[in-house]
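Q: need a structure here:
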Amino acid sequence: MSTEQLKKTRNIGIIAHIDAGKTTLTERMLFYTGRSHKMGEVHNGEAIMDWMPEEQERGITITSAVTTCNWLGHTINIIDTPGHVDFTIEVERSLRVLDGAIGVFCAVGGVEPQSETVWHQADRYKVPKIAFINKIDRIGANFDNAVHMMKERLGARPLILQLPWGLEEEFQGIIDLIKMKALLWNENDLGISVEEINIPEQYQDRAIEQREKMLELLADYDDTIMEKYIAEEEIDIKSIKTAIREATIGLKLVPVFCGAALRNKGVQPILDSIVEFLPSPIDIPPVSGINPSTHEIETRSASIKEPFSSLAFKVAMDQGRRMTYLRVYSGSIKPGATVFNSTRNSSERIARAYKMHANKRERMEQIITGDIIAVMGLKGTFTGDTLCEKSKPILLESIEFDLPVISVAVEPKHVGDQEKLQETLAKVADEDPTLKFEIDKDTGQMIISGMGELHLDVLVHRLKREFSLDINTGKPQVVYMETITKEAEAEAIFDREWGGESHFAGIKVAVSPLERGAGKKFENKVSDPLLTNEIINAIEEGITEAMESGVLMGYRVTDVKSLILNADIKELLSTALSFKIVASIAFKKACEKAKPLLLEPIMRVEIIVPEEFLGDVIGDANSRDGRIEHIATKGTVKILNAVVPLSKMFGYSTALRSVSQGRATFTMQFSHYDST
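A: Presented below is the predicted three-dimensional model:
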């Protein structure tokens with residue numbers, strides 16, 4: 001690919017809160033660029049980008065879908081991302097490989113909770129953005145409030161380039177502040193025709209005022225605009241667009257557009273803005289990584305002449321076959337070639353390469369710089385892995401994954417499906433790094449963990465629909481532990497005939513509690529020469545086995561010290577086996593006297609919550625027997641660190657969204673066992 005072709009390539013993503021209209025906007029973009037010949041509607045389950053049955057039934061985006069279209073001689077690779085918090089990994093890995101993003105906001109709801117999350121994800125990866133305030137035609141639409149919320153909640157500097165021509169039912173078109181024209185869409189041809197007319201008289205004063213503010217803001221970042229603005233000279237459109245582009249790519253300003261995608265109004269200017277204001281692969285800094293051989297930092301520029309380098313950002317199962325999505329940062333390669341996985345120090349062969357259009361694909365004969373493509377044949381490459389030339393290795397920054405926060409137990413209805421269930425979960429976990437599964441060694445349950453209740457609900461439905469697995473689900477059983485609260489002693493004698501031989505052993509054991517997390521300790525105070533190392537080891541083994549099943553509810557015993565006070569030994573009759581048995585009996589007797597106590601798993605929870613919901617979140621944590629350990633401030637949000645019993649955390653994801661209007665998030669991991 002020549003430099004000129006790279007200049008005409010855009011890799012962009014559509015990000016927003018659920019139901020802001022991302023997929024509807026994408027569908028219109030595909031229609032107006034000629035990529036599709038029919039507008040698929042989300043509410044009818046016909047959206048091209050929402051191709052999974054689960055997406056069509058629920059009317060939401062679950063997986064990020066990739067497509068390509070052309071506009072004004074430019075190639076635009078688009079990733080439509082989910083808006084639900086449970087699927088933020090799809091947004092995270094998409095933003096990791098994109099050069100620009102369109103943030104879609106509902107004119108009624110403004111900056112909604114998940115909008116904040118995905119916007120800050122884009123900030124973390126330094127992705128230039130433009131904003132589209134959608135649903136201007138809806139009752140309650142407020143353009144100015146949405147712009148204000150961008151400043152307050154996102155810390156963004158909006159650059160208003162359009163004003164709505166009317167609101168709610170009176171919405172007719174858009175006022176373009178760059179050209180100072182009004183844009184009117186023809187409703188009879190699905191909005192294909194756009195007419196430029198003079199700005200209606202009642203909007204002229206506001207348009208002049210807003211254009212003045214636009215130029216003032218641009219003058220802060222562009223010397224050419226500044227000079228002409230101060231000199232009160234006419235500023236040409238080309239200079240304005242150049243300044244907007246530089247400020248956008250430099251992450252200084254966010255151009256703001258508006259419209260109503262469902263009514264086919266405002267979409268073409270968004271396509272224009274992608275071409276005019278968002279970066280091409282050569283407009284962003286060269287990607288950097290570590291040379292795994294020298295451990296020195298190296299860079300790769302967006303050029304076909306550079307060594308091949310790419311990042312695997314998604315793995316998907318396509319008709320039972322493994323498909324890996326790549327973002328190519330430099331160089332070129334052809335299907336059939338061998339690539340080096342520098343993350344796992346292994347080589348793999350690319351069998352075929354495809355340019356994707358949602359779930360449809362187009363065969364490619366060459367993989368080149370700037371491409372976002374899918375390849376077949378990679379068996380050991382996972383999300384976040386770097387693929388490069390073996391002779392010129394580089395290890396790019398990987399993708400961070402959040403830890404699962406909720407779990408459920410699953411089991412096949414038919415015993416014969418147990419192995420198939422494990423194999424299927426392994427495949428699905430390859431696709432989704434935020435999904436974890438394991439067999440609980442204490443209960444024998446298969447536990448699947450994910451980012452939320454919807455995440456796991458979708459997974460369970462996929463197991464049934466796609467993999468024909470009949471499964472039962474339920475909450476996982478909390479695995480408790482047992483300990484003791486005071487010192488106690490007990491004696492036991494084992495004297496019986498077994499296997500035709502007499503066995504005798506007598507022992508006195510003392511138990512005492514240890515501090516939390518200490519585990520177990522064993523000590524012998526008997527100095528009898530008949531008490532051999534073999535017998536001592538057998539005694540310790542008997543106590544260890546007894547600790548696997550406590551006297552309260554049969555859970556494992558922990559934080560206990562065992563001390564041998566006395567041993568009654570008869571030569572020829574006392575064997576290691578008899579002492580192992582008697583030690584187990586004596587230990588359990590001692591524990592029964594030592595006031596046994598149940599311990600439960602305590603989780604360390606970090607909650608990020610806007611300040612206005614802090615009191616409600618703390619109150620909810622207290623009601624769950626939680627203890628707030630630390631509260632920190634970061635910008636407009638508070639970060640709470642708390643410890644909460646695991647048994648009180650089921651359903652917390654839903655409860656937290658309820659008390660914070662969906663704006664708080666949390667992560668959870670095991671801390672320790674303790675009584676409550």
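Q: can you give me the neighbour number for R211?
A: Other residues within reach of R211 by the criterion other Cβ atoms under 10 Å amount to 20. All C-beta atoms are positioned from the backbone trio N, CA, C, and that covers glycine.
Q: so who does it touch?
A: By Cβ atoms under 8 Å, 6 or more residues apart in numbering, the residues touching R211 are 177, 180.
Q: that one: what secondary structure?
A: Three-state call for R211 (DSSP: H, G, I helix; E, B strand; the rest coil): helix.
Q: over to A247?
A: Going by three-state DSSP: A247 is helix.
Q: same thing with S303?
A: coil.
Q: give me phi/psi at it?
A: Backbone geometry at S303, expressed as degrees, to the nearest 10, gives phi -150, psi 140.
Q: quick one: contacts for it?
A: Shown in contact with S303 (Cβ under 8 Å, 6+ apart): 3, 6, 282, 330-331, 369.
Q: which of those residues fall in strands?
A: Cross-referencing the contacts of S303 against strands under DSSP state E gives S330.
Q: now the buried members of the contacts of S303.
A: 6, 282, 330-331, 369 (16 or more other Cβ atoms under 10 Å).
Q: what mean pLDDT does the helix or strand where H120 lies get?
A: Assigned by DSSP states H and E, H120 belongs to helix 113-124. Averaging pLDDT along helix 113-124 yields 81.
Q: which residues does stretch 568-588 contact?
A: With Cβ under 8 Å, 6+ apart, stretch 568-588 has contacts from 490-494, 502-509, 511, 528, 530-531, 534-535, 537-543, 545-547, 551, 562, 567.
Q: now, which of these lie within helices?
A: Among the contacts of stretch 568-588, the members found in helices (DSSP state H) are 534-535, 537-543, 545-546.
Q: could you pull out the buried residues of the strand or helix carrying F313?
A: Assigned by DSSP H and E, F313 belongs to strand 309-318. By 16+ other Cβ under 10 Å, the buried positions in strand 309-318 come out as 309-316.
Q: centre of the chain versus that strand, how much separation?
A: 16 Å (Cα atoms, centre = their mean, to the nearest Å).
Q: now for it, which elements pack on it?
A: With contacts taken as 3 or more Cβ pairs under 8 Å, 6 or more residues apart in numbering; DSSP states H and E, strand 309-318 sits against helix 88-97, strand 321-330, strand 386-388, helix 418-431.
Q: then it to PDB, C-alphas only?
A: Taking Å, rounded to 0.1, in the frame of the first residue of the first chain, the C-alpha atoms of strand 309-318 are listed here in PDB:
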ATOM      1  CA  SER A 309       3.900  -6.400  12.900                       C
ATOM      2  CA  SER A 310       0.300  -6.900  14.000                       C
ATOM      3  CA  LEU A 311      -1.800  -7.400  17.100                       C
ATOM      4  CA  ALA A 312      -4.400 -10.100  17.600                       C
ATOM      5  CA  PHE A 313      -7.300  -8.300  19.200                       C
ATOM      6  CA  LYS A 314     -10.000 -10.800  19.000                       C
ATOM      7  CA  VAL A 315     -10.600 -14.600  18.600                       C
ATOM      8  CA  ALA A 316     -13.900 -15.900  17.300                       C
ATOM      9  CA  MET A 317     -15.400 -19.300  16.500                       C
ATOM     10  CA  ASP A 318     -16.700 -19.200  12.900                       C
END
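Q: that one vs helix 418-431, what angle?
A: Angle between the axes of strand 309-318 and helix 418-431 is 140 degrees (criterion: axes from the mean of the first three to the mean of the last three Cα atoms, to 10 degrees).
Q: can you list the strands that strand 309-318 pairs with?
A: Strand pairing for strand 309-318, determined by DSSP bridges: strand 321-330 (antiparallel), strand 386-388 (antiparallel).
Q: which other residues reach the last one?
A: So the one you mean is strand 386-388. Strand 386-388 is contacted from outside by 289, 307-312, 326, 339-343, 348, 378, 381, 394-396, 398, using Cβ under 8 Å, 6+ apart.
Q: cool, stretch 147-157 as well?
A: Here stretch 147-157 has contacts from 105, 110-111, 115-116, 119-120, 129, 131, 133, 158, 160, 217, 252-254, 256, 635-636, using Cβ under 8 Å, 6+ apart.
Q: now which of those residues would you call buried?
A: Using 16+ other Cβ under 10 Å as the burial test, the contacts of stretch 147-157 include 105, 110-111, 115-116, 119, 129, 131, 133, 158, 160, 217, 252-254, 256 as buried.
Q: so which of the residues you listed sit within strands?
A: Reading strands off the buried ones among the contacts of stretch 147-157 with DSSP E, I get 105, 129, 131, 133, 158, 160, 254, 256.
Q: quick one: contacts for the last one?
A: Listed by Cβ under 8 Å, 6+ apart, the contact partners of V256 are 130-131, 133, 147, 150, 158-162.
Q: how about the fifth one?
A: Taking Cβ under 8 Å, 6+ apart, we find P158 in contact with 131, 147, 150-151, 253-254, 256.
Q: partners of it in the sheet?
A: Assessed by DSSP bridges, P158 has beta-bridge partners V254.
Q: kindly provide the distance from it to N142.
A: Going from P158 to N142 by Cβ to Cβ, to the nearest Å gives 14 Å.
Q: same thing with P281?
A: Distance check for P281 against N142: by Cβ to Cβ, it reads 37 Å.
Q: so which of the two has more stuff around it?
A: Using other Cβ under 10 Å, the more surrounded residue of P281 and N142 is P281, with 24 against 19.
Q: centroid residue for this structure?
A: Centroid-nearest residue in the chain, with Cα atoms, centre = their mean: I89, separated by 2.6 Å.
Q: hmm, that residue is touching P433, no?
A: Yes: counting by Cβ atoms under 8 Å, P433 is a contact partner of I89 at 6.5 Å.
Q: pLDDT below threshold where in the stretch 101-250 of the chain?
A: Within the stretch 101-250 of the chain, the stretches with pLDDT under 70 are 113.
Q: which residues in it form strands?
A: Taking DSSP state E, counting those that start in this stretch as the criterion, the stretch 101-250 of the chain contains strands spanning 129-134, 158-160, 162-165, 173-176, 181-185, 194-197.
Q: dump the strands paired with strand 309-318 to a markdown table, plus mean pLDDT and distance to V659.
A: Converted to a markdown table, the strands paired with strand 309-318 look like this (pLDDT from 0 to 100; distance: least, Cβ to Cβ, whole Å):
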| stretch | mean pLDDT | distance to V659 |
| --- | --- | --- |
| strand 321-330 | 89 | 37 |
| strand 386-388 | 94 | 41 |
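Q: which of the ones in helices among the contacts of stretch 568-588 are buried? Put it as a ChimeraX command.
A: Buried residues within the ones in helices among the contacts of stretch 568-588, by 16+ other Cβ under 10 Å, are selected in ChimeraX with:
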select :535,538,539,540,541,542,543,546
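Q: in a markdown table, list the ones in helices among the contacts of stretch 568-588 along with pLDDT and distance to W185.
A: Below are those laid out as a markdown table (pLDDT from 0 to 100; distance: Cβ to Cβ, whole Å):
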| residue | pLDDT | distance to W185 |
| --- | --- | --- |
| E534 | 88 | 91 |
| I535 | 87 | 92 |
| N537 | 90 | 85 |
| A538 | 90 | 87 |
| I539 | 90 | 87 |
| E540 | 91 | 82 |
| E541 | 92 | 82 |
| G542 | 93 | 83 |
| I543 | 92 | 81 |
| E545 | 92 | 78 |
| A546 | 92 | 79 |
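Q: thinking again about what came up before, with the buried residues of strand 309-318 in mind, which one is nearest to V557?
A: Ranking these by separation from V557, with Cβ to Cβ as the measure, puts V315 on top at 42.6 Å.
Q: partner residues bridging that closest one?
A: Assigned bridge partners for V315, using DSSP bridges, are T324.
Q: list the contacts for it?
A: V315 makes contact with 322-325, 381-383, 430-431, according to Cβ under 8 Å, 6+ apart.
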